[in-house]
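Q: fold the following.
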Amino acid sequence: MASATTTQTEPITAENVLRLFPDVNTTLVSTHNASNSSQDADLEGYDEEQIRLMDEVCIVLDEDDNPIGSASKKTCHLMENINLGLLHRAFSIFVFSPSNKLLLQRRAPSKITFPNMWTNTCCSHPLGIPSETGANLEASVAGVKRAAQRKLAQELGIDAKQVPTEQMRFLTRIQYKAPSDGKWGEHEIDYILVLKAKEEVRYQGNENEVCDVKYVAPEELKAMFKEEGLTFTPWFRLICDTLLFEWWEHLDDKDFEEKYVGETQIRRM
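A: Next up, the predicted model:
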């Protein structure tokens, strides 16, 4: 399993981001800086749809989660940029059934980063567009909730009515860095969302994104971690090893909101 690590680099700011990363667009909410990935040597041999998705525009951040620009998904996920400190915004949503089973997905073999790995229900990026970008925490949380609803539909075929944004609870943010292989990786401030559905959600996985799905109880997930041959995304394993099982145990507690929802600090992992 790839390990999650942090290293010291020059802090990324609005003043130096363009000098360090010429591909960043400092106007933020635009798509004109997207590359033509279909003709990109870095992406030669990968799945056509996954190459297209590398043109999506991610939100580039400073270390305090302030948006300072935007850049293509490809630019944000190249390890040569990550090693220089390029940081972007992401979300991870954990969808639970009425009986508190967690819906997992296994990433498709066609994925460019972390293929074939089990992970939480859905993890992706808000786009550098007005409806998903926020400059303060409240607006940013609203943006990632909309992004989560969009990606749950795109990856798992889950109708928005089953996962309303008003039922998503924002818990905290984690900053982590993890390589996928020698070329690609992640360096994100990841917004953690949980949603306990009123009924078991109906899903139909997009085979280009997801190759398996399953609901698990806590002990079933722990058993999966011990099963030979299974691999897990580094952010999911990091969250499981530090926070998830405590949240899971107290999901129905009356003071869950008071204890766990809306943390303002960024957890550096």
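
Q: ok, residue 24 - contacts?
A: 17-18, 33, 60, 68-71, 75, 86 (C-beta atoms under 8 Å, 6 or more residues apart in numbering). Where C-beta positions appear, they are placed from N, C-alpha and C, glycine not excepted.

Q: show only the entries of those residues found in strands.
A: 60, 68-71 (DSSP state E).

Q: what's the single longest helix in this structure?
A: helix 137-156 (DSSP state H).

Q: what's stretch 61-72 in contact with?
A: With contacts defined as C-beta under 8 Å, 6+ apart, stretch 61-72 is touched by 11-14, 17-18, 21, 23-30, 33-35, 37, 54-60, 86-89, 128, 133-135, 137, 140, 173, 175, 189, 266.

Q: of all the residues in the helix or strand of the chain with the lowest mean pLDDT, which ones are buried?
A: Taking mean pLDDT, DSSP states H and E as the measure, the chain has helix 48-53 as its least confident helix or strand, at a mean of 83. Across helix 48-53, burial judged by 16 or more other C-beta atoms under 10 Å covers 50-51, 53.

Q: got those residues as JSON lines, with distance to residue 79 columns?
A: Conversion of those to JSON lines gives the following (distance: C-beta to C-beta, whole Å):
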{"residue": "50", "distance to residue 79": "17"}
{"residue": "51", "distance to residue 79": "18"}
{"residue": "53", "distance to residue 79": "18"}
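
Q: show me the strands in the stretch 51-200 of the chain, by range?
A: Per DSSP state E, counting those that start in this stretch, the stretch 51-200 of the chain carries strands over the ranges 57-61, 67-72, 88-96, 102-107, 118-119, 122-124, 169-179, 185-196.

Q: quick revisit: hmm, which of the contacts of stretch 61-72 are the buried ones?
A: Buried, going by 16+ other C-beta under 10 Å: 12, 17, 21, 23-25, 28-29, 33-35, 37, 54-60, 86-89, 128, 133-134, 140, 173, 175, 189, out of these.

Q: name the spans of the stretch 151-269 of the chain whose pLDDT lies under the cut-off.
A: Judged against pLDDT under 70, the stretch 151-269 of the chain has no low-scoring part.

Q: distance-wise, check the residue nearest to residue 77 when sequence neighbours are not counted relative to residue 200.
A: Nearest residue to residue 77, sequence neighbours excluded (C-beta to C-beta, 6 or more residues apart in numbering): residue 184, at 5.2 Å. From residue 184 over to residue 200 the distance is 34 Å, taken as C-beta to C-beta, to the nearest Å.

Q: quick one: which of these two has more around it?
A: More neighbours surround residue 184 than the other of residue 184 and residue 200, with 18 against 15 (other C-beta atoms under 10 Å).

Q: picking that back up, farthest pair within the ones in strands among the contacts of residue 24?
A: 68 and 71 (10.4 Å; C-beta to C-beta).

Q: higher neighbour count, these two?
A: Higher neighbour count among residue 68 and residue 71: residue 71, with 26 against 20, using other C-beta under 10 Å.

Q: partners of the more buried one in the sheet?
A: On the basis of DSSP bridges, residue 71 is bridged to residue 58.

Q: mind checking how far it is from residue 58?
A: Separation of residue 71 from residue 58 (C-beta to C-beta): 6 Å.

Q: okay, and the common contacts of those two?
A: Joint contacts of residue 71 and residue 58 (C-beta under 8 Å, 6+ apart) are residue 88.

Q: coming back round to it: out of the strands of the stretch 51-200 of the chain, which is closest to residue 234?
A: Using C-beta to C-beta, the strands of the stretch 51-200 of the chain put strand 169-179 closest to residue 234, at 3.8 Å.

Q: that closest one packs against which elements?
A: With contacts defined as 3 or more C-beta pairs under 8 Å, 6 or more residues apart in numbering; DSSP states H and E, the packing partners of strand 169-179 are helix 79-82, helix 137-156, strand 185-196, helix 234-239, helix 256-260, strand 266-268.
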